[in-house]
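**Q** fold the following for me, if possible:
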Amino acid sequence: ASIIDLGAQSSHFENRPLTPDEEIERMLPALELLVDDGFVVSVDTWKPEVARAAVAAGAAIVNDTGGLRDPEMLAIVRDHAVGAVAMHIEGENPLAVGDRNLDAGRPEVVAELLGRRVRELRAAGLTGPLLVDPGLSINYRSDYEAYGQLQLATIRAMDRLRAIGEPVLLPVPRKAATHRMLAYLTLSIEYGADVLRVHDVEAACDLVKLLGRTLGS
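**A** Numbering: from 1, shown residues only. Purely as a prediction, here's the structure:
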């Protein structure tokens with residue numbers, strides 16, 4: 001793995017929100033050990049207080065699962081010139097989501113919204129690396145199978161995301177059946193994701209090699 005994406009707050013809507021202090025207490029010891037060992041660490045949070053503590057401890061990327069909309073979060077990323085993830089989310093944060101919009105053409109709509117957001121972020125002074133993420137790892141209350149089809153359609157519309165001009169981070173969604181997860185992973189590699197966020201690193205690295213891609217540079 002080229003990046004360790006570290007989060008202490010569950011993003012499933014059925015779980016309770018931690019206070020910033022609780023999240024920091026859970027996360028910082030692991031973060032400090034990883035940074036000391038030379039890993040590039042991304043912090044997965046939507047709370048500015050947590051991001052600030054993580055960046056101070058050496059996190060190189062802020063993966064804001066709240067969509068990078070909070071002015072305080074933007075200031076942290078801008079002032080420290082760290083990398084960031086611009087993620088699409090339909091809700092204030094992962095614990096405050098409802099049904100996902102599943103209408104036809106939605107992947108193209110998401111790409112348009114992310115492109116607009118990237119232009120706004122650059123205009124606001126963000127100069128560090130910026131990854132775009134269509135938000136496929138967020139759990140919504142929508143029909144599970146229908147959402148799965150939207151995830152596949154989004155992967156197949158990768159060219160729209162790549163046209164934004166920033167590297168595309170594709171979070172390979174967890175699936176109850178391993179073979180389904182591997183199908184999503186394989187499609188993500190074949191359709192040109194620049195960064196893969198995975199839970200099975202060994203399988204992902206082997207498939208990247210098998211399919212002739214070079215990632216992680």
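
**Q** for the rest of this, base every contact and every neighbour count on C-alpha atoms.
**A** OK.

**Q** quick one: the helices in the chain, in order.
**A** Along the chain, counting by DSSP state H, helices occupy 20-36, 48-56, 71-80, 106-123, 144-156, 158-162, 178-190, 201-210.

**Q** how many neighbouring residues does the nearest residue to Ala53 once chain neighbours are set aside have?
**A** Excluding its sequence neighbours, the residue lying closest to Ala53 (Cα to Cα, 6 or more residues apart in numbering) is Ile24, at 7.2 Å. Neighbour count of Ile24, defined by other Cα atoms under 10 Å: 21.

**Q** one more: Thr178?
**A** For Thr178, using other Cα under 10 Å, the count is 9.

**Q** ok, now the one 5 residues further on?
**A** Counted by other Cα under 10 Å, the residues lying close to Ala183 total 12.

**Q** need the helices of the chain in CSV (columns: mean pLDDT and distance to Leu95).
**A** Output for these, formatted as CSV (pLDDT from 0 to 100; distance: least, Cα to Cα, whole Å):
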stretch, mean pLDDT, distance to Leu95
helix 20-36, 98, 15
helix 48-56, 98, 16
helix 71-80, 97, 18
helix 106-123, 97, 20
helix 144-156, 95, 17
helix 158-162, 97, 25
helix 178-190, 96, 23
helix 201-210, 96, 26
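
**Q** return the set of buried residues in stretch 46-55.
**A** Trp46, Lys47, Pro48, Glu49, Val50, Ala51, Arg52, Ala53, Ala54, Val55 (16 or more other Cα atoms under 10 Å).

**Q** now render these as CSV, adding distance to Glu14.
**A** Converted to CSV, the buried residues of stretch 46-55 look like this (distance: Cα to Cα, whole Å):
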residue, distance to Glu14
Trp46, 17
Lys47, 18
Pro48, 22
Glu49, 23
Val50, 21
Ala51, 23
Arg52, 26
Ala53, 26
Ala54, 25
Val55, 28
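
**Q** and which of those residues is nearest Ala104?
**A** Trp46 (28.8 Å; Cα to Cα).

**Q** give the contact list for that closest one.
**A** Asn63, Asp64, Thr65, Gly66, Gly67, Leu68, Asn93 (Cα atoms under 8 Å, 6 or more residues apart in numbering).

**Q** 10 Å - rerun?
**A** By Cα atoms under 10 Å, 6 or more residues apart in numbering, the contact list for Trp46 reads 9, 11, 20, 62-70, 73, 92-94.

**Q** quick one: Ser142 and Gln149 touch, right?
**A** No - applying Cα atoms under 10 Å, one finds Ser142 not in contact with Gln149, separated by 11.7 Å.

**Q** find the residue at the geometric middle of the protein.
**A** Asp133 (5.3 Å; Cα atoms, centre = their mean).

**Q** and for the nearest residue to it once chain neighbours are set aside, the neighbour number?
**A** Leaving out its chain neighbours, the residue that sits closest to Asp133 by Cα to Cα, 6+ apart is Met87, at 4.5 Å. Residues within reach of Met87, counting by other Cα under 10 Å, total 24.

**Q** so Met87 versus Met158, what's the distance?
**A** Applying Cα to Cα, to the nearest Å, the value for Met87 to Met158 is 15 Å.
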